[in-house]
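1. how would this look folded up:
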Amino acid sequence: MTVPTLIQNYQKKSYVTQIHKFYNELQQAAQIYMTDRNAVNLREAGLTSHEALNNFVKNYFKVVNDCGAEQQPCFAASYRKLSGLDIGQGTGQPSNVVIASGVSLAFGITSDNSNANNSRIAIFDVDINGPKGPNIAGRDVFILGLFNNGLVDEYALTTAPGDKETRETFFNNNCNADNNGPWTGCFGKLLNDNWEMTY
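-> Coordinates of the predicted model:
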């Protein structure tokens with residue numbers, strides 16, 4: 001193997017390790033949140049408003065920088081898709097923070113509580129190394145969904161766990177596509193490929 005290939009493989013493994021760590025932390029926090037409130041799901045536990053979600057993040061993660069509604073300096077000024085297409089600032093979520101591990105989080109409540117078919121509770125835009133590069137969706141930037149049952153999965157899904165075929169479709173149509181569409185699907189691909197960055 002050539003040196004550039006070895007470096008690229010090392011970087012991919014590092015990115016995957018970091019997003020996998022945050023995934024475990026978020027899912028564990030959701031389970032503890034439900035247990036602390038003797039609830040069978042997140043809605044029953046009270047995670048139904050942005051204020052509740054903001055409190056959840058601040059109580060279960062060590063926030064070291066709170067940028068409020070502003071993306072910077074918690075996030076980079078711009079992001080790209082795998083194809084190189086500029087996707088702008090990216091998040092657009094009501095809260096932006098950096099946690100002690102150096103991970104930047106932009107988050108908001110997403111579910112319509114009146115829609116029984118949608119079990120997605122919240123969106124988490126995650127930059128695993130903060131504003132440092134490469135700032136590419138599917139490399140160091142991912143969109144995660146937090147679902148009513150406490151599971152973390154691909155944001156584009158309406159229920160979790162998602163199936164492999166649906167996740168693959170989101171990856172091909174969004175994350176790996178050279179279009180101005182959403183940059184969802186990257187995280188689901190990692191779940192499908194057993195935490196290997198095969199793309």
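
2. Summarise which helices and strands the helix or strand of the chain with the lowest mean pLDDT is packed against.
-> Lowest by mean pLDDT, DSSP states H and E among the helices and strands of the chain is strand 86-88, with a mean of 85. Counting contacts by 3 or more CB pairs under 8 Å, 6 or more residues apart in numbering; DSSP states H and E, strand 86-88 packs against strand 79-80. All C-beta spots, glycine's among them, are computed from the backbone N, C-alpha and C.

3. Let me know the next secondary structure element after the helix ranked longest in the chain.
-> When the chain is parsed with DSSP state H, its longest helix is helix 3-36. Later in the chain than helix 3-36, the nearest helix or strand by DSSP states H and E is helix 42-45.

4. For the helix or strand following that next one, which residues meet the burial criterion?
-> Past helix 42-45, further along toward the C-terminus, the next helix or strand under DSSP H and E is helix 50-60. For helix 50-60, a neighbour-count test (16 or more other CB atoms under 10 Å) marks Ala52, Leu53, Asn54, Phe56, Val57, Tyr60 as buried.

5. Tell me, how many residues neighbour Ile121?
-> Ile121: 25 surrounding residues under other CB atoms under 10 Å.

6. Quick one: distance of the strand or helix carrying it to the chain centre.
-> Using DSSP H and E, Ile121 sits within strand 120-127. Relative to its chain's centre, strand 120-127 lies at 5 Å (CA atoms, centre = their mean, to the nearest Å).

7. tell me which strands and helices it is in contact with?
-> Packing partners of strand 120-127 (3+ CB pairs under 8 Å, 6+ apart): helix 3-36, strand 104-109, strand 141-147.
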